[in-house]
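Colleague: structure of the sequence below:
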Amino acid sequence: MKRTVLAALFASAAAAAFAHPHFNKTITAKLPSGADVSITYNTTPSNETHAQSAKVGEFVSPRRPTIKLSAEVKSGAQAIPAGEYTIGVIKNSDKDWTMALFPGAPARGVPVDMTKVIKLDSMLESAKGTAEHMLVDLTPGHGKFEGKAVLTLHFGTLFLSGLLA
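Modeller: Just a heads-up that it's a prediction; the model follows:
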């Protein structure tokens, strides 16, 4: 009896582990400005309630994706020094978000010092569909970012582009 219960629990845990794989991803690119960029993140499920429950003005970073810049880049008038940053978003309202970077990694369980956060020139789009798992990438921009490089974050129905030129 004990063996049957243990076997059932093990089979159930194994099925759950294989049914929904998550993995780490790294993206590397050279921006038109010449800066080398490396992004590392985990394919975490896009939990829309997490985004909805975020407080206005709060820096949110699901699974703390990171970006490493080899040289200074600009986001509009904002200079971003070379270094490693945590990628996140700031909720301005239910339908308005800004992409942002935090130098290094924020301490767990401690509110982020918002004076250190670098807000990117951002564009929120609602017609990009739903990403079941978080997707982070560097892509050529469009619209107001046409002809420039952008950092993108797609989390559920939230799709943000942040200028990195």
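
Colleague: residues in contact with T130?
Modeller: Contact criterion C-beta atoms under 8 Å, 6 or more residues apart in numbering gives S46, G156, T157 as the residues in contact with T130. Quick note: C-beta positions are derived from backbone N, CA and C, even for glycine.

Colleague: so which of those residues are in helices?
Modeller: Among the contacts of T130, no member falls in helices (criterion: DSSP state H).

Colleague: so which of those residues belong to strands?
Modeller: G156 (DSSP state E).

Colleague: out of the contacts of T130, who's nearest G147?
Modeller: Minimum separation from G147 among those (C-beta to C-beta) is found for T157, which lies at 26.7 Å.

Colleague: surely the closest one and S126 touch.
Modeller: Yes. Under the contact definition of C-beta atoms under 8 Å, T157 touches S126, with a separation of 6.6 Å.

Colleague: which one of those two has more residues nearby?
Modeller: When neighbours are counted by other C-beta atoms under 10 Å, T157 comes out ahead of the other of T157 and S126, with 15 against 9.

Colleague: in the protein, which spans are strands?
Modeller: With DSSP E, the ranges of strands along the chain come out as 24-30, 36-42, 59-60, 66-69, 73-75, 78-80, 83-93, 96-103, 118-119, 122-125, 131-140, 149-156, 158-163.
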